[in-house]
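A.B. asks: This is the structure alone, sequence omitted:
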C-alpha cells in the first residue's frame, strides 16, 4: 500500500511524514479527500494556504480528483482506511471527516464498510482530535431526516428513519456519527462541528455515481432513456459544489457545535429535473418510469435559516447555471 506526498515521494503506509511546519500555516486532515466533495475541500484549503493532509482508502474516491494538488509542498496524500488506527505526527489544527460511501449504489454494495466508517472511523478521528486538541467537523447528511414528515427540514426535526431498511446502513451510520460527535463534545469538551449536507452536484461527480442528477446527465448525453423511479413527483433540492464548499468552510470557522443544514432550498421534482436536463443537453432521450425503491425519500428541502443567520451564507449558483457547468464537465469526460 503506497502513500503519496508528491509524484516523486512515497511514505510509510502506517505513518504520516512529520514535516517541518510553518509557524503560521494551519494543518488540516481531510478524510474522504479523493471523493467528489472531499477533493473540492482540498482545493479550497490549499487556496487558503493551509497544509492539507489528505486521506482516502479509494473505494469510491479517485486519485484523478486530487492529482493536480500533488505539486504543492503543502499537500500530501495518504492511502489509508480510517476505520483502522489513524496516526498524524506533529500538530494538527483541524479535521474534516468526509470519509464514507454516499451514493445508494455504493452503500448498498458496501453496507458493512458504510457502518464502520460512520462508527469506528468517526471514533478514531474524534480520538485523534482529542489527542491533538484539534477542531473537528464531521460530514452528516440530510438522510438523517429519513423520509421526512415535515418540509422544509430544519435542524430541530428528529427525522423519520427506518433503521432496518436498505437505506438504514447509511442513515443510521450518520445518525450515530452525530451522536458520538456530541458525546465527545460534552464528555471531553472537544471542539466539534456538524454539517448536514443536502444533495450536492458539480464537476468530479462519478459517471457511475448512481444518484439521479449524474445518471440523468449521462443518459441524456448518450440519447438513452432517462430512468425515473416512482412517478417522478418526489422532490430534491440541489446545491452546486462551490456553494456547498463555501458553507462548510464558514461553518468550520464559527463557534457553534450543533448540526447546521447546508443546501439549496430550491426544490424541484425529479420529473422536472429530468426535463430540464433533456432541454439543456438538447437530447432526444425519452423518460421511462420504474418502481420506486423501498424507503426512497419523497421530499428533500433544507431550511437554511440557521446557516443564513450563523454563517451569513446563502447559495449563489442557480440551478440552470450549475446544470450547464455540470453537463459541460460530463461532455468532456
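C.D. replies: Perfect, thanks for sending it. Nothing here was measured: the structure is a model prediction, and the numbers come from that model. Residues are numbered from 1 along each chain as shown.
A.B. asks: measure residue 236 to residue 299 for me?
C.D. replies: 8 Å (C-beta to C-beta, to the nearest Å). Placement of C-beta: from N, CA and C, glycine included.
A.B. asks: This protein: helices as residue ranges?
C.D. replies: For the chain, the helices defined by DSSP state H cover 36-47, 104-109, 111-116, 122-132, 168-188, 212-222, 241-252, 270-281, 305-311, 319-332.
A.B. asks: Give the other helices and strands that the last one contacts.
C.D. replies: I take that to be helix 319-332. helix 212-222, strand 239-240, helix 270-281 (3 or more C-beta pairs under 8 Å, 6 or more residues apart in numbering; DSSP states H and E).
A.B. asks: Same list (the ones you listed) but as a markdown table, adding distance to residue 314.
C.D. replies: Below are those laid out as a markdown table (distance: least, C-beta to C-beta, whole Å):
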| stretch | distance to residue 314 |
| --- | --- |
| helix 212-222 | 21 |
| strand 239-240 | 11 |
| helix 270-281 | 21 |
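A.B. asks: want to throw the ones you listed into CSV with mean pLDDT and mean neighbour count?
C.D. replies: As requested, the helices and strands packed on helix 319-332 are exported to CSV (pLDDT from 0 to 100; neighbours: other C-beta atoms under 10 Å):
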stretch, mean pLDDT, mean neighbour count
helix 212-222, 96, 21
strand 239-240, 98, 24
helix 270-281, 98, 18
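A.B. asks: so which of these comes closest to residue 93?
C.D. replies: strand 239-240 (26.7 Å; C-beta to C-beta).
A.B. asks: ok, the residue nearest the centre of the chain - contacts?
C.D. replies: In the chain, the residue lying closest to the centroid (C-alpha atoms, centre = their mean) is residue 37, at 4.8 Å. Listed by C-beta atoms under 8 Å, 6 or more residues apart in numbering, the contact set of residue 37 reads 98, 102, 139, 197, 200, 241, 244, 245.
A.B. asks: Kindly report the same for residue 34.
C.D. replies: The neighbours of residue 34, taking C-beta under 8 Å, 6+ apart as the test, are 54, 56, 58, 61, 62, 63, 65, 66, 77.
A.B. asks: List just the nearest of these to residue 124.
C.D. replies: Once C-beta to C-beta is applied, the member of these that ends up nearest residue 124 is residue 56, at 14.6 Å.
A.B. asks: Test my guess that the closest one contacts residue 39.
C.D. replies: No - look at residue 56 against residue 39 with C-beta atoms under 8 Å: they stay out of range, at 9.1 Å.
A.B. asks: list residues touching both of these two?
C.D. replies: With C-beta under 8 Å, 6+ apart as the test, residue 56 and residue 39 both reach residue 33.
A.B. asks: so where's the stretch 1-150 of the chain uncertain?
C.D. replies: Judged by pLDDT under 70, the stretch 1-150 of the chain has its weakly predicted residues at 1-23.
A.B. asks: Please, where are all the strands along it?
C.D. replies: 3-6, 9-11, 27-31, 51-56, 75-79, 94-97, 135-141 (DSSP state E, counting those that start in this stretch).
A.B. asks: Sheet partners, orientation included, of the longest one?
C.D. replies: Pointing back at strand 135-141 there. Strand pairing for strand 135-141, determined by DSSP bridges: strand 94-97 (parallel), strand 192-197 (parallel).
A.B. asks: Do me a favour and average the pLDDT over the longest one.
C.D. replies: Predicted confidence along strand 192-197 averages 98 (mean pLDDT).
A.B. asks: Can you name the residues in contact with that strand?
C.D. replies: 37, 126, 129, 135-142, 144, 155, 178, 181-182, 184-185, 244, 247-248, 251-252, 256-263, 302.
A.B. asks: and residue 93, how far is that from residue 30?
C.D. replies: Taking C-beta to C-beta, one finds residue 93 at 12 Å from residue 30.
A.B. asks: More neighbours: which of those two?
C.D. replies: More crowded of residue 93 and residue 30, by other C-beta atoms under 10 Å: residue 30, with 29 against 16.
A.B. asks: how many other residues sit next to residue 227?
C.D. replies: Residue 227 has 15 nearby residues by other C-beta under 10 Å.
A.B. asks: Repeat that for the one 4 residues further on.
C.D. replies: By the measure other C-beta under 10 Å, the count of residues near residue 231 is 11.
A.B. asks: contacting residues for it?
C.D. replies: Applying C-beta under 8 Å, 6+ apart, the residues near residue 231 are 271, 289, 292.
A.B. asks: Would you mind measuring from it to residue 238?
C.D. replies: As judged by C-beta to C-beta, residue 231 and residue 238 stand 19 Å apart.
A.B. asks: do residue 266 as well
C.D. replies: 7 Å.
A.B. asks: Tell me the spatial nearest neighbour of residue 96, not counting adjacent residues.
C.D. replies: residue 30 (4.6 Å; C-beta to C-beta, 6 or more residues apart in numbering).
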